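A.B. asks: sequence and predicted model, in that order:
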Amino acid sequence: MDQEKLQSFINEHVSEMVLVMNADGIIEHASASAKAGMGWHSLEGAKIEEIFPNEWNAQWKVGILEGIQFGEGYSWMAYRENRTCFNAYVRVFYFEKCLFFFCKDASQRDLLEKKLVQAQEESDVADKIKSEFVANVTHELRTPVNGISGNVKELQEMETDSKKLKLLDFVQQGCRNMNAIINNILDFSKLDAGKFNLEMQEFELEHMIEFVRSNHKNKMTEKGLDFVINVSPEVPKRIIGDELRIGQILNNLLSNAYKFTSVGKISVDVVKTAQFENRAELFFYGYGYRNWY
């Protein structure tokens, strides 16, 4: 065949190991990468079934190949001259009355696939251990929380002082929030997805604000900071939303404000910025002395 055409055709696939077989099943040409990658001193003159003994039928002719589609990729076992073998990714083409074999050593890919499988198995084991650990820890957490809640309920029934009852109500609210957090930790379908479903329930906004205020008031006072939360009169008294999540966000913001404000005042304002029919947009913003949050 025309050697220039042959070289031109091979050069288009220089990254692969190339074998050219004639009509008699003899390798007529092999690229340098094929000789190096397949471990043969000389491939020219060898029979193709010596390279692929398990996949190639010696009776096949160039134009009669059973079950092989030109251009399709196949995973074949290729044998070196010393009869060791490796997995090769092979594509077969027909050109100028010859068959062209474009091969890639798939050993590295197979090794990576095995490592991926092993890593996945190790990850599954780690996930199982994590699930069992979290389940045990959350169970242990729920016991004291429920104990606190039960004792507080008894104190509420015995107490008559309104200020003390208000404080006990805050403690009870904290227990309810803690149980809600424990439930979310246990819900791995949410945790693994990296998101939580919002619980849309009606609640008193001012009650939630007072609970947040009570969580931070004492430590603000101990640090000598003035601490104020202002709720605009336009803000609805009762709203529908996720009380727990809103409270958590405010607690996090105030914790940062406390951490980075050394003197002065920390203030949180809640205003209604927009309303469309029965949907209101509320804006929470806080600021401290020389610091905005």
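C.D. replies: Great, that's in hand.

A.B. asks: so who does Phe133 touch?
C.D. replies: With contacts defined as C-beta atoms under 8 Å, 6 or more residues apart in numbering, Phe133 has no neighbours. Placement of C-beta: from N, CA and C, glycine included.

A.B. asks: doesn't it belong to a strand?
C.D. replies: No. The assignment for Phe133, made by DSSP: H, G, I helix; E, B strand; the rest coil, is helix rather than a strand.

A.B. asks: for Asn218, see how far away it is.
C.D. replies: 33 Å (C-beta to C-beta, to the nearest Å).

A.B. asks: which residues of the stretch 51-200 of the chain score low on pLDDT?
C.D. replies: 58-59, 61-64, 66, 135, 139, 184, 186-197 (pLDDT under 70).

A.B. asks: show me the helices in it, by range?
C.D. replies: All helices of the stretch 51-200 of the chain, identified by DSSP state H, counting those that start in this stretch, fall at 107-158, 162-186, 188-193.

A.B. asks: relative to helix 162-186, how tilted is the first one?
C.D. replies: Between the axes of helix 107-158 and helix 162-186, defined by axes from the mean of the first three to the mean of the last three C-alpha atoms, to 10 degrees, the angle is 160 degrees.

A.B. asks: now do the strands in the stretch 1-150 of the chain.
C.D. replies: 17-21, 27-30, 73-79, 85-95, 98-105 (DSSP state E, counting those that start in this stretch).

A.B. asks: tilt between the first one and strand 73-79?
C.D. replies: It refers to strand 17-21. Using the same axes, to 10 degrees, one finds that strand 17-21 and strand 73-79 are set 90 degrees apart in direction.

A.B. asks: strand 17-21 - contacts with which helices or strands?
C.D. replies: Applying 3 or more C-beta pairs under 8 Å, 6 or more residues apart in numbering; DSSP states H and E, one finds that strand 17-21 makes contact with helix 3-11, strand 27-30, helix 32-38, helix 48-51, strand 98-105.

A.B. asks: just checking, Ile48 touches Asn22?
C.D. replies: No. Applying C-beta atoms under 8 Å, one finds Ile48 not in contact with Asn22, separated by 9.7 Å.

A.B. asks: looking at the two, which one has more neighbours?
C.D. replies: When Ile48 and Asn22 are compared for neighbours, Ile48 comes out ahead with 22 against 15, by other C-beta atoms under 10 Å.

A.B. asks: buried deepest among the helices of the stretch 51-200 of the chain, which one?
C.D. replies: helix 162-186 (a mean of 15; mean count of other C-beta atoms under 10 Å).

A.B. asks: what residues does that one touch?
C.D. replies: Helix 162-186 has contacts (C-beta under 8 Å, 6+ apart) with 134-135, 138, 141-142, 145-146, 148-149, 152-153, 155-156, 159, 190-191, 196, 207, 210-211, 214-215, 244, 247.

A.B. asks: and stretch 27-40, C-alpha only, in PDB?
C.D. replies: Taking C-alpha atoms only, stretch 27-40 is exported to PDB below (Å, rounded to 0.1, in the frame of the first residue of the first chain):
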ATOM      1  CA  ILE A  27       1.200  -7.300  11.000                       C
ATOM      2  CA  GLU A  28       2.600  -5.200   8.200                       C
ATOM      3  CA  HIS A  29       3.400  -2.100  10.200                       C
ATOM      4  CA  ALA A  30       3.600  -1.100  13.900                       C
ATOM      5  CA  SER A  31       4.200   2.300  15.300                       C
ATOM      6  CA  ALA A  32       7.100   3.000  17.600                       C
ATOM      7  CA  SER A  33       4.700   3.500  20.500                       C
ATOM      8  CA  ALA A  34       3.200   0.000  19.800                       C
ATOM      9  CA  LYS A  35       6.600  -1.600  19.900                       C
ATOM     10  CA  ALA A  36       7.400   0.100  23.100                       C
ATOM     11  CA  GLY A  37       4.000  -0.300  24.800                       C
ATOM     12  CA  MET A  38       3.400  -3.900  23.700                       C
ATOM     13  CA  GLY A  39       6.800  -5.200  24.700                       C
ATOM     14  CA  TRP A  40       7.900  -6.600  21.400                       C
END
